[in-house]
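Chemist: Fold the following and give me the result.
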Amino acid sequence: FPVTIRKTVVLSSNNNPDYFNYLPYVEKAWGMLGWNTLTYLVDMEGGGMAPHARISIPSSPAFRQDTFTQCVRLLAHHDIDSGTLMTSDIDMIPISNYWSPNPAVWTVYGRDLTGHEHHPICYISGDKSLWAKTFPEESVTQLLGKYPQSSSPDFYQYWFTDQIIATERIVDYVSVERGTEAGLAKGRIDRADWAGTLARVSAGIDAHMVRPFSPDEAERCLAMLSANL
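Modeler: Alright, predicted model coming up:
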């Protein structure tokens with residue numbers, strides 16, 4: 001019988017309710033697609049085991065909590081024993097079975113959405129061995145200490161630190177282009193135009209959730225996913 005390769009989506013959050021409150025919905029959605037999740041809860045209580053593990057991790061006073069929270073995902077290989085790891089955001093709910101990366105190579109989804117400048121953190125996929133080789137640092141503090149932009153006062157430097165690091169280090173990869181619709185990611189229900197994208201998107205891929213947190217919209221997205229399976 002063929003061996004089933006474990007697939008894990010890596011997430012992270014601090015205690016901002018506009019993000020953290022989506023976690024159970026995101027976990028459920030990825031579970032419906034056959035993915036486990038590993039979520040780093042920065043300066044929060046963790047708990048839980050696979051398929052939906054939650055790990056508590058303290059931030060570092062040397063770096064912004066937001067930057068630390070974003071970049072911890074790059075070191076998730078330390079907490080996964082084997083299989084495919086793919087990064088995503090805690091406020092991004094999948095609404096179809098779009099992802100089928102080859103675990104033997106890096107797969108970068110939607111690089112065209114950044115004008116081919118960065119690898120979007122939603123979504124980068126590869127086997128644990130690729131992550132371990134490419135991101136050998138033992139801690140987030142050690143990783144960020146190598147990148148001065150992580151402490152920059154410029155939003156466009158520090159906010160994209162995770163993507164800057166990933167883009168610099170992941171140089172041999174398969175690129176899955178996304179395309180756009182009305183200036184937004186193709187197939188994305190997007191909080192930038194929630195009503196408009198709900199009406200316009202025909203073949204949905206994911207949903208960038210509204211703020212403030214809305215359980216009704218999260219349930220709507222789970223229903224869309226269920227209908228697409």
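Chemist: pLDDT wise, what is D193 at?
Modeler: D193 carries a pLDDT value of 96.
Chemist: number of nearby residues for the closest residue to H77 other than its chain neighbours?
Modeler: Distance criterion Cβ to Cβ, 6 or more residues apart in numbering; nearest residue to H77, sequence neighbours excluded, is W131 at 3.9 Å. Quick note: C-beta positions are derived from backbone N, CA and C, even for glycine. By other Cβ atoms under 10 Å, 25 other residues sit near W131.
Chemist: How much space separates W131 from V105?
Modeler: 12 Å (Cβ to Cβ, to the nearest Å).
Chemist: With V174 instead?
Modeler: 6 Å.
Chemist: burial count for D18?
Modeler: D18, neighbours per other Cβ under 10 Å, totals 15.
Chemist: Likewise for the one 5 residues further on?
Modeler: Burial of L23 is recorded as 18 neighbouring residues (other Cβ under 10 Å).
Chemist: who touches it in this structure?
Modeler: 11, 13, 39, 54, 90 (Cβ atoms under 8 Å, 6 or more residues apart in numbering).
Chemist: Verify the contact between G47 and T39 for me.
Modeler: No - if you go by Cβ atoms under 8 Å, G47 and T39 don't touch, sitting 10.5 Å apart.
Chemist: any idea which helix or strand carries D162?
Modeler: Assignment of secondary structure by DSSP states H and E places D162 within helix 161-169.
Chemist: Report the buried residues of that helix.
Modeler: Across helix 161-169, burial judged by 16 or more other Cβ atoms under 10 Å covers 161-167.
Chemist: What mean pLDDT does stretch 72-89 get?
Modeler: Mean per-residue pLDDT for stretch 72-89: 97.
Chemist: Output that stretch as CSV, nothing but the C-alphas.
Modeler: In CSV, the C-alpha atoms belonging to stretch 72-89 read as follows (Å, rounded to 0.1, in the frame of the first residue of the first chain):
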residue,chain,number,x,y,z
VAL,A,72,8.1,31.7,13.8
ARG,A,73,6.4,29.8,11.0
LEU,A,74,9.7,29.5,9.1
LEU,A,75,11.1,27.3,11.9
ALA,A,76,8.2,24.9,12.2
HIS,A,77,10.3,22.0,11.0
HIS,A,78,11.7,21.8,14.6
ASP,A,79,8.2,20.7,15.8
ILE,A,80,7.2,18.4,13.0
ASP,A,81,8.8,14.9,12.7
SER,A,82,8.1,14.3,9.0
GLY,A,83,6.0,15.2,6.0
THR,A,84,5.0,18.3,4.0
LEU,A,85,4.9,21.7,5.7
MET,A,86,3.0,24.6,4.1
THR,A,87,2.7,28.1,5.6
SER,A,88,-0.5,30.0,5.7
ASP,A,89,-2.3,32.8,7.7
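Chemist: Could you give me the buried positions within that stretch?
Modeler: 72-77, 80, 84-89.
Chemist: Can you pick out the ones from those that are in strands?
Modeler: Using DSSP state E to define strands, the subset of the buried residues of stretch 72-89 located there is 84-87.
Chemist: what residues are shared contacts of G47 and T39?
Modeler: With Cβ under 8 Å, 6+ apart, G47 and T39 have common neighbours R54.
Chemist: any residues touching the lengthiest helix in the chain, and which ones?
Modeler: For the chain, the helix with the greatest residue count under DSSP state H is helix 215-228. Outside of helix 215-228, the residues within contact range by Cβ under 8 Å, 6+ apart are 21-22, 25, 28-29, 32-33, 93-97, 189, 194, 204, 207, 209-210.
Chemist: Surely I189 forms part of a strand?
Modeler: Yes - according to DSSP: H, G, I helix; E, B strand; the rest coil, the state of I189 is that of a strand.
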